[in-house]
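Asks: Okay, sequence plus prediction incoming.
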Amino acid sequence: MNIDDLWKTALAQIEVKLDSPAQYQTWFRDTKLVEIDGKKAVIGVKNSYASDWLKKKHNILIKDTLSYVYGKDLDPTYEVIREKGQSEKQTEVVPENAPLLGVQQGMDMELRNIIKKSGINEKYSFANFVVADSNRIAHAAAMSVAEGKAKNYNPLYIHGSTGLGKTHIGQAVGRSILEKDPNKKVIYVTSEGFLNDMVRSIREGKAMDFRTKYRTVDIFIIDDIQLISKWVETQGEFFNTFNELANNNKQVVLISDRAPEYIENIEARLRSRFQGGIVVDISKPDLETRKAILLRKSTEFGIEIEEKTVDYVAEIITDNVRELEGALQKIALYSTMSEDELSLEEIARILGKDTKSKQERVKVPNVLKRVAKEYGITVKDIKGPKRTAEIAFARQIAMYILREEFNYKLERVAEFLERKDHTTVIHAVDKVRSKMLLEEGFKDQLQMIISELQNSEEI
């Protein structure tokens, strides 16, 4: 096992043991095993804060897991590494004159019908997909498949969280192929659609028709493939379909919300097939990418949007491209109903991001529980008199979140944490702000906690 495979295997086990996707994404996603020198294992991390956190909170987990996979005892050390150009944010936006419908002067009706019949949504194309660091590898792999340059990328397995563009780029492969050759047979279907089609064919005595439909295509794109784990019979049928297509050099594209190794209750032979081509992921877009997406979508939708509104929406919606689109359309709708320009306060209220909405959605006890969980202490510790460095710091973070993110008054924050003087809250906010400016890793950690609070009413 080479060093990259060794670390990949160790990370897979670490993710399972952590049982927290957010923790794994924040602390382990950008790590790499640099070298093993005797008993020393050098692990590369993106900044000094990540190094300190891993050493303090996860060193035993890393040591035990890595030693087990390697077969000998290893002692982890952590080293900050920066790849060339890492600090440069590169965002590509397709030129404004790029055809959104794939053909230079629009899409003729015959081609539109062919694309629709294949199950593909005509709005998904490579032309209107914003490429950035978060999806660059997935985009390059998909383009290679669409252009027929990647015979070894079979299957192309694309995974990532909800609303990041997996379906868009997966369907863009099929659409691009049909634009070049409308005689190609392309099918896009969800795993549930595949199951329903199979059940219907069995009930109607048309099993051969079902197999002919799926096993004679040139490109088979199946979405939400992780759900196939719930249906044993469907796994067998899909395995046979996959083999038939692969043996005939036909392309399979799989779309999932998780990597193959994290899909539970699927046959080992099927998991092996999923991992047999190329596995690529799409991660959350950064701020500049979110702005580019909003600008691109506003052009597509024919919506005029001010720069300050783009900046504001990109700042408050961080995780989900689909949510960005929804926010844009909602703002456009409310704009048509108002004679005056919408203020940022009104936009916040419309999107449920204003202070009142956030306070109602995320209760104070949830904030305290989440912070306590992060630092391995209790809510009682946070509210209590203990002043150890770790408890005091966790207390300051809780104060910062309640004050800065949920806009509670200083006196209320002090009351929530059973402090007598609100000046303690002022000091806490200042300290956390300073640490965010100095340590990128700490800022990432704080944003992860806030994001989890915003996306879940219960922790």
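Replies: Happy to help now that I have it. Numbering: from 1, shown residues only.

Asks: remind me which residues of the chain are low pLDDT?
Replies: Scanning the chain with the threshold set as pLDDT under 70 gives 1, 82-108, 301, 319, 336, 338-340, 342, 350-362, 455-459.

Asks: Show me how it divides into domains.
Replies: Split into domains by automatic domain parsing, the chain comes to 3-80, 92-282, 287-353, 359-455.

Asks: Which helix or which strand is home to residue 14?
Replies: Under the criterion of DSSP states H and E, residue 14 resides in helix 3-18.

Asks: and that helix, how far from the chain's centre?
Replies: Put simply, helix 3-18 sits 19 Å off its chain's centre (Cα atoms, centre = their mean, to the nearest Å).

Asks: Other residues contacting it?
Replies: 1, 21, 24, 28, 31-33, 35-36, 58, 61-62, 65-66, 68-70, 261-262 (Cβ atoms under 8 Å, 6 or more residues apart in numbering). From N, CA and C alone the C-beta is placed, and that goes for glycine too.

Asks: Stretch 114-125 now?
Replies: 100-102, 107, 112, 167-169, 171-172, 174-176, 178, 182, 186-189, 193, 221.

Asks: where's the nearest residue to residue 165 once chain neighbours are set aside relative to residue 26, distance?
Replies: Excluding the flanking residues, the one nearest residue 165 by Cβ to Cβ, 6 or more residues apart in numbering is residue 321, at 5.4 Å. Residue 321 sits 20 Å away from residue 26, going by Cβ to Cβ, to the nearest Å.

Asks: the more surrounded of those two?
Replies: For the pair residue 321 and residue 26, the greater number of neighbours falls to residue 321 (25 against 19), based on other Cβ atoms under 10 Å.

Asks: isn't that one right up against residue 166?
Replies: No: using Cβ atoms under 8 Å, residue 321 is not in contact with residue 166, being 9.9 Å away.

Asks: related to what we said a few turns ago, buried ones among the contacts of helix 3-18?
Replies: Buried members of those, counted by 16 or more other Cβ atoms under 10 Å: 24, 28, 31-33, 36, 58, 61-62, 65-66, 69-70, 261.

Asks: nearest to residue 308, of these?
Replies: Nearest to residue 308 out of the buried ones among the contacts of helix 3-18 is residue 24 (Cβ to Cβ; 35.5 Å).

Asks: show me the contacts for that closest one.
Replies: For residue 24, the contacting residues are 14-15, 18, by Cβ under 8 Å, 6+ apart.

Asks: again, but for residue 153
Replies: By Cβ under 8 Å, 6+ apart, residue 153 lies in contact with 141, 144-145, 277-278.

Asks: next one: residue 253
Replies: Residues in contact with residue 253 (Cβ under 8 Å, 6+ apart) are 142, 145, 155-156, 158, 170, 173-174, 219-222.
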